[in-house]
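> Let me see the structure of the following:
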Amino acid sequence: MKPATAFRLMAVTTCFSAAASAQSVAFTFDDGPRLEETPLMGPEARNAALLAILNKHQVKAALFVTLKNGADRPEGLALAKAWGAAGHAIGNHTVTHLDLNSKATTLKQYQDEVLACDTVIRALPGYAPWFRFTFLREGDTPEKREGMRAFLKTKGIRNAHVSLDTSDWRLDAALRSVLEMRPEADLKPFRAIYLAHLRQRAEAYRDLSRRLFGRDIPQVMLLHHNLINALFLEDAIQQFKQMGWAITDPATAYQDFVYSLDPQRPAPGQSLLISAARSLGYRPENWERMLDDGDEEIAVLRRKGQLPASYK
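Numbers count the residues shown, from 1 in each chain. From the prediction side, this is the model:
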């Protein structure tokens, strides 16, 4: 996305009516379905909890499958199939979650993993030709970035961009660490910090979309197929509704032209909006806070005695 082109596109968006730009959010979940055991819930229970909450609130989401997390085995494939059967989209998140920004990862190796995952998930109900880059990293060289863009276009696969990035995975790791030591630990502090984190990120990315495009966009939020969401996803949905946000589905969100942009200076590991801002040379005031991996939330939990002082 060249700066001049980007600014022309932004100018177009200011013509959207208020109704067309009403704030909404779509829920997407990476790395599923996970077959690992966690405190409080096994894999089947976590999967069932996520699906039950989405069904209760009539939310249609997307699950991005990392094959080796479980879908390469019959019991894991059944969990993924349950998402499609419930009306959710099933997307591609590679086989082993390798990192395209690693010098050890070749473009061909990465593309082969996309094709291998696609071979399995294509047979599932709800299959969508969508690919989400692992770690939200699109390659450490121009050859990798342009090679993947050409590859996805040739295969008819959408880059399933994220606009509202979260660090739920970091909070999940902290929660599991505590529960492994103290199964009876109070969950309330983790619920509170999880919800505060989602609110902070939602408000920050909403503000950034307005600054970049002159309007609200349908935000595509990145969460993960993990314990913290199985426990608190209902609270998150209710919080967004209380904030006045509508819940949309990923397919509808992706119709917004913003998700067809390919920034020329993608920010590794960050949302599409951060990449767009970087490509334009724009740096929001809260840049560091948006780019951290939940560092502030972890610090709060540590100060309140919920985590050991040594916890990273």
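> Identify the residues contacting A160.
T28, A62, F64, G91, W130, F131, R132, V220, P250, Y254 (CB atoms under 8 Å, 6 or more residues apart in numbering). No exception for glycine: its C-beta is placed from N, CA and C like everyone else's.
> Run through the bridge partners of the second one.
Beta bridges link A62 to T28, A89 when assigned by DSSP bridges.
> List the buried residues in the longest helix along the chain.
Determined from DSSP state H, the single longest helix within the chain is helix 188-213. Neighbour-count burial for helix 188-213, counted by 16 or more other CB atoms under 10 Å, picks out 189-194, 197-198, 200-202, 204-209, 212-213.
> which of the contacts of A160 lies closest to L107?
F131 (14.1 Å; CB to CB).
> I'd assumed R158 was in contact with the closest one.
Yes - using CB atoms under 8 Å, F131 makes contact with R158 at a distance of 7.0 Å.
> what sits in contact with each of those two?
L152.
> Give me the more crowded residue out of the two.
Remark: of F131 and R158, F131 carries more neighbours, 22 against 18, as counted by other CB atoms under 10 Å.
> now the more buried one, which residues is it bridged with?
Going by DSSP bridges, F131 forms beta bridges with N92, N159.
> What distance do you get for it to K155?
9 Å (CB to CB, to the nearest Å).
> again with H97
20 Å.
> Same check on H161?
Distance from H161 to K155, by CB to CB: 17 Å.
> Now do the residue in the chain sticking out farthest from the centre, the pLDDT please.
Residue distances from the centre of the chain (CA atoms, centre = their mean) peak at E184, which lies 29.7 Å from the mean C-alpha position. Per-residue pLDDT puts E184 at 96.
> mind checking which helix or strand it is in?
Assigned by DSSP states H and E, E184 falls within no helix or strand.
> List phi and psi for it.
phi -90, psi 10 (degrees, to the nearest 10).
> Relative to A45, how far out is it?
18 Å.
> Same question for A236.
For A236 relative to A45 (CB to CB), the value is 19 Å.
> sorry, back to before: contacts only, for the residue farthest from the centre of the chain.
Applying CB under 8 Å, 6+ apart, no residues contact E184.
> now swap in L98 and tell me
With CB under 8 Å, 6+ apart, L98 has these contacts: T105, Q109, Y110, E113, T134.
> What's the ChimeraX syntax to select whichever of these are buried?
Those of the contacts of L98 that count as buried under 16+ other CB under 10 Å are selected in ChimeraX with:
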select :105,110,113,134
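> The contacts of L98: which two are farthest apart?
Farthest pair in those (CB to CB) is Q109 and T134. Separation: 12.2 Å.
> For this structure, which segments count as strands?
For the chain, applying DSSP state E gives strands covering 24-32, 62-65, 89-92, 127-131, 158-159, 218-224, 246-248.
> and the longest one, what does it pack onto?
Under the contact criterion of 3 or more CB pairs under 8 Å, 6 or more residues apart in numbering; DSSP states H and E, strand 24-32 touches helix 43-56, strand 62-65, helix 74-85, strand 218-224, helix 227-242, strand 246-248, helix 250-253.
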